[in-house]
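Student: how would this look folded up:
(2 chains)
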Protein chains: 2
Amino acid sequence: MTGAARMETTGQNTPLPSVAARHACRSGMVATTAGVANGFVQGNLAILPENLAASFHRFCQLNPKPCPIIGMSDVGDPRILALGIDLDIRTDLPRYRVWRDGEVAEEPTEIMAHWRDDLVAFVIGCSYSFEEALLADGLPIRHIERKLRVPMYRTNIACSPTGPFAGPMVVSMRPFKPADAIRAVQITSRFPSVHGAPVHLGHPHSIGIADFDKPDYGDPVPVGSGEIPVFWACGVTPQSVIAAARLPFAITHSPGMMLVTDLLNKQLAVL
Amino acid sequence: MTGAARMETTGQNTPLPSVAARHACRSGMVATTAGVANGFVQGNLAILPENLAASFHRFCQLNPKPCPIIGMSDVGDPRILALGIDLDIRTDLPRYRVWRDGEVAEEPTEIMAHWRDDLVAFVIGCSYSFEEALLADGLPIRHIERKLRVPMYRTNIACSPTGPFAGPMVVSMRPFKPADAIRAVQITSRFPSVHGAPVHLGHPHSIGIADFDKPDYGDPVPVGSGEIPVFWACGVTPQSVIAAARLPFAITHSPGMMLVTDLLNKQLAVL
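Tutor: Model (predicted):
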């Protein structure tokens, strides 16, 4: 039975939680998608004009750990059927960022008026998916326990540049006891389409993090004695790179306001 | 074509390197098996009387990371066909240790005179197998580069006890740059029958290692700045536990003088 067929038989009365989340956005709901439609894949959004989209696509291809593409629209088409049958990328996120010349010009709750027939939408994997797998395995995630945003840092790890797109990899940090860090490597290795295995652990300074207590994005999170900080490539990287490229025009999601898709996190596991 | 058939067709003139290594031991060769018959699995040996073997087997079952069994004889049978068609456990290692009341009583080069029809031989996986996989992936292994023995430490990680068998897990240590440590977790996770993934990384003191510069076995190996020490469960654990149990009688291999089997290291990979 296909996903589409399953949706038809479960019917309009009981839509998938992911569909309900998108419909709520469409109806004007504006709130973080953290904790929404548990079990379903959420994604970062980047929308670019066709003349830059090929270059950005190549950037993602060259930098799969920070920029794993889980869905992509056709030129000018606001649908991404692979991520949701009725998905409309113009209305189905809680909030967007419209970028002009590298600055956030607006943060609207829908982008109908900004849509153009030369735009291409990229949906990029997000750490929520692998966090579900870590939690399911019994590993504690500090920032979730403390209701904080995950701390994120710009590093000295250069992304492979292409066209106007270049810059450092942004990483997210989660502290673990060493045995749990080893387990976290195993678990997240199964999820290459949502950043995969960590890129670093143990020595923040050696990846260019000068002040560990002051993350570049998100909230500081303490590392206990006997724990080690573990760093994953982060989906903030493409947004950081798009900003640095100072493109005339681009649209992204607003932080924490992700696209909720009909894919299940567990479907992303490669083993 | 089975392993046996392959041996027959390649013929007596060109025995497998593993068979040649065992025949050399049988003829009196006494030297470390490190670097011998590259590509073939080597194993730690433990031989116990039947009345203790069931208990030791259970100990291995409860502690698979330090004590992964890769082969086991029938009672009184010096052959282990699964590890080599012509293998004779009484003659095919370079040197043995005969233990009496928890002390090394003799270190003979064969144990024909010690063999009894109530003895059971256990062959336990060894880190040589996963080191081959690490090297094949381009990861540097410090103690091999410096022609040292791997440093090993008694930890405060208690093995699950059973019968007379109890004691701390012994671990081996290899330093890596953090990105290589992550890769090493992935690679060794594929080899559960030769200790598998590391048991710890980063904080030696938190697993009870008081003096990092003085390993309990092997040679000290430096950890560079920007590197982290990575610890694997070690096949010295069963020998340490057998000594601590002060059994009336047991036989093991002498350190570095392992059993060379006809299994290929790559055959042990689970993925």
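
Student: show me where the stretch 101-250 of chain A has strands.
Tutor: For the stretch 101-250 of chain A, the strands defined by DSSP state E, counting those that start in this stretch occupy A:103-106, A:119-125, A:152-158, A:168-176, A:200-201, A:228-233, A:250-253.

Student: show me what the third one is packed against.
Tutor: In terms of contacts (3 or more CB pairs under 8 Å, 6 or more residues apart in numbering or on different chains; DSSP states H and E), strand A:152-158 is packed against strand A:168-176. Just so you know, the C-beta spots here come from the backbone N, C-alpha and C atoms, and that holds for glycine as well.

Student: and the strand it packs on, is it in reach of chain B?
Tutor: No - among the residues of strand A:168-176, none lie within reach of chain B under CB under 8 Å from any CB of the partner chain; the closest is 9.9 Å away.

Student: could you give the angle of that strand to strand A:152-158?
Tutor: 130 degrees (axes from the mean of the first three to the mean of the last three CA atoms, to 10 degrees).

Student: what mean pLDDT does strand A:168-176 have?
Tutor: On average, the pLDDT along strand A:168-176 is 98.

Student: and the strands of the stretch 101-250 of chain A as a markdown table, adding mean neighbour count?
Tutor: Shown next, in a markdown table, are the strands of the stretch 101-250 of chain A (neighbours: other CB atoms under 10 Å in any protein chain shown):
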| stretch | mean neighbour count |
| --- | --- |
| strand A:103-106 | 12 |
| strand A:119-125 | 25 |
| strand A:152-158 | 20 |
| strand A:168-176 | 25 |
| strand A:200-201 | 26 |
| strand A:228-233 | 25 |
| strand A:250-253 | 24 |
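
Student: of all these, which one is nearest residue B:182?
Tutor: With respect to residue B:182, and counting by CB to CB, the nearest of the strands of the stretch 101-250 of chain A is strand A:200-201 at 6.6 Å.

Student: near chain B, anything from the closest one?
Tutor: Yes - Strand A:200-201 lies within reach of chain B by CB under 8 Å from any CB, at A:200, A:201.

Student: give the pairing partners of that strand; include direction for each.
Tutor: strand A:228-233 (antiparallel) (DSSP bridges).

Student: pull out the buried positions in stretch A:263-271.
Tutor: For stretch A:263-271, burial by neighbour count (16 or more other CB atoms under 10 Å in any protein chain shown) applies to A:263, A:264, A:265, A:268, A:269.

Student: beta-bridge partners for the second one, please?
Tutor: By that I understand residue A:264. Applying DSSP bridges, one finds that residue A:264 bridges with residue A:40.

Student: relative to chain B, how far out is it?
Tutor: Taking CB to the nearest CB, to the nearest Å as the criterion, residue A:264 is separated from chain B by 22 Å.

Student: in contact with that residue, which residues?
Tutor: A:39, A:40, A:41 (CB atoms under 8 Å, 6 or more residues apart in numbering or on different chains).

Student: which one of the residues you listed has the most neighbours?
Tutor: Among the contacts of residue A:264, the one with the most neighbours (other CB atoms under 10 Å in any protein chain shown) is residue A:41, at 28 neighbours.

Student: is stretch A:58-66 positioned near chain B?
Tutor: No - for stretch A:58-66, no contact with chain B is found by CB under 8 Å from any CB; the gap never falls below 11.1 Å.

Student: I'd like the average pLDDT over that stretch.
Tutor: 95.

Student: and that stretch, how far from the chain's centre?
Tutor: Taking CA atoms, centre = their mean, to the nearest Å, the mean C-alpha location of stretch A:58-66 is offset from the chain mean by 13 Å.

Student: what is the end-to-end distance of that stretch?
Tutor: Start-to-end span of stretch A:58-66 (CA to CA, to the nearest Å) is 13 Å.

Student: which parts of that stretch are buried?
Tutor: A:59, A:60, A:63, A:65, A:66.

Student: picking up where we left off before, ok, the contacts of residue A:264 vs residue A:168, which is closest?
Tutor: residue A:41 (26.1 Å).

Student: who in chain A is up against chain B?
Tutor: Within chain A, the residues that sit near chain B (CB under 8 Å from any CB) are A:178-179, A:181-182, A:185-186, A:189, A:197-203, A:206, A:226, A:228, A:271.

Student: sort out which of those are buried, if you could.
Tutor: A:178-179, A:181-182, A:185-186, A:189, A:197-203, A:206, A:228.

Student: just give me the closest of the buried residues of stretch A:58-66 to chain B.
Tutor: Here the nearest of these to chain B, counting by CB to the nearest CB, is residue A:65; it sits at 11.1 Å.

Student: which ones are touching that closest one?
Tutor: A:169, A:195, A:196, A:199, A:233.
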